[in-house]
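Student: need coordinates for the following:
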Amino acid sequence: MIFTDDTEGALRSAVWLVNSAEEPDTLTTIADERAFLSLFPYTGRIDRDAAEVAALRELRGRLRAMLLAPRDEMVAQVNSALAESTLAPQLRRHDGIDWHLHAVGDAHPLAERVLIETAMAMIDVIRADEGSRIAVCDDADCEAIALDLSRNRSKRYCSTTCANRNAVAAYRARRARD
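Tutor: Numbers count the residues shown, from 1 in each chain. Sure, this is the predicted structure:
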């Protein structure tokens, strides 16, 4: 494990949200939000309404910029996000998850909690100088983000779809040369 479980979870959640903006957009309805929350079970206030979905959709560009920024710019974006919220850090244990940090209260809107949890996770990324683990997918036709949490830094694609497409293309190119 490179990061703590809560850091990895926040990074995975942020990447999912950012990648949901790629075609086809996979965060347009309350049912899509429900699917997001089944993968990333945030606690606290969850309104499950159109306004909350809109706030999550609006957050995606900001998360993308934060995740892909050069290290010093990443610091500025993290600090800006943290300054916008009233922080009340607490260690919490719930739902079978051991002690982890909640940086804002449960009553804050979901999009704000996602932003702050992402910013807190990015603190770990910045301090460990591991920003290279977050990059745009290596598929030439894809702009989604690939999050590499592997020990050997081998993940280059955002999904198995992009990885398979590139493996097949490489195989065909090798066969054509032979």
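
Student: contacts and neighbour counts: CA atoms only from here.
Tutor: Fine.

Student: can you check what pLDDT the model gives the residue nearest to Gly131 when sequence neighbours are not counted?
Tutor: If the residues on either side of it in the chain are set aside, Gly131 comes closest to Val125, at 5.9 Å by C-alpha to C-alpha, 6 or more residues apart in numbering. According to the model's per-residue confidence, Val125 sits at a pLDDT of 98.

Student: how close does Val125 sit to Arg71?
Tutor: Remark: distance between Val125 and Arg71 (C-alpha to C-alpha, to the nearest Å) = 9 Å.

Student: of these two, which one has the most company?
Tutor: Neighbours per residue (other C-alpha atoms under 10 Å) separate Val125 from Arg71, with Val125 holding more: 23 against 19.

Student: that one should be in a strand, yeah?
Tutor: No - secondary structure of Val125, determined by DSSP: H, G, I helix; E, B strand; the rest coil: helix, with no strand assignment.

Student: quick check: it touching Ile134?
Tutor: No - using C-alpha atoms under 8 Å as the test, Val125 is too far from Ile134 to be in contact (9.4 Å).

Student: re earlier: need the overlap of contacts for Val125 and Arg71.
Tutor: Taking C-alpha atoms under 8 Å, 6 or more residues apart in numbering as the contact definition, Val125 and Arg71 share the neighbouring residues Gly131.

Student: before we move on, the earlier item: do you know how far the residue nearest to Gly131 is from Tyr157?
Tutor: Here Val125 is placed at a distance of 19 Å from Tyr157 (C-alpha to C-alpha).

Student: start to end distance for stretch 100-114?
Tutor: When the termini of stretch 100-114 are compared using C-alpha to C-alpha, they are 15 Å apart.

Student: kindly apply the preceding question to stretch 101-114 instead.
Tutor: 13 Å.

Student: so which bits of that stretch are buried?
Tutor: Residues His102, Ala103, Val104, Pro109, Leu110, Ala111, Glu112, Arg113, Val114 are the ones in stretch 101-114 that count as buried (16 or more other C-alpha atoms under 10 Å).

Student: cool, and stretch 141-153?
Tutor: So stretch 141-153, judged by 16+ other C-alpha under 10 Å, has buried residues Glu143, Ala144, Ile145, Ala146, Leu147, Asp148, Leu149.

Student: out of those, which sit inside strands?
Tutor: Among these, the members falling in strands are Ile145, Ala146, Leu147 (criterion: DSSP state E).

Student: for the second one, which non-adjacent residue is closest in space?
Tutor: It stands for Ala146. Once its chain neighbours are removed from consideration, Ala146 has its nearest residue in Cys158; the separation is 4.0 Å (C-alpha to C-alpha, 6+ apart).

Student: tell me which element the one you found falls in.
Tutor: With the criterion set as DSSP states H and E, no secondary-structure element contains Cys158; it sits in neither a helix nor a strand.
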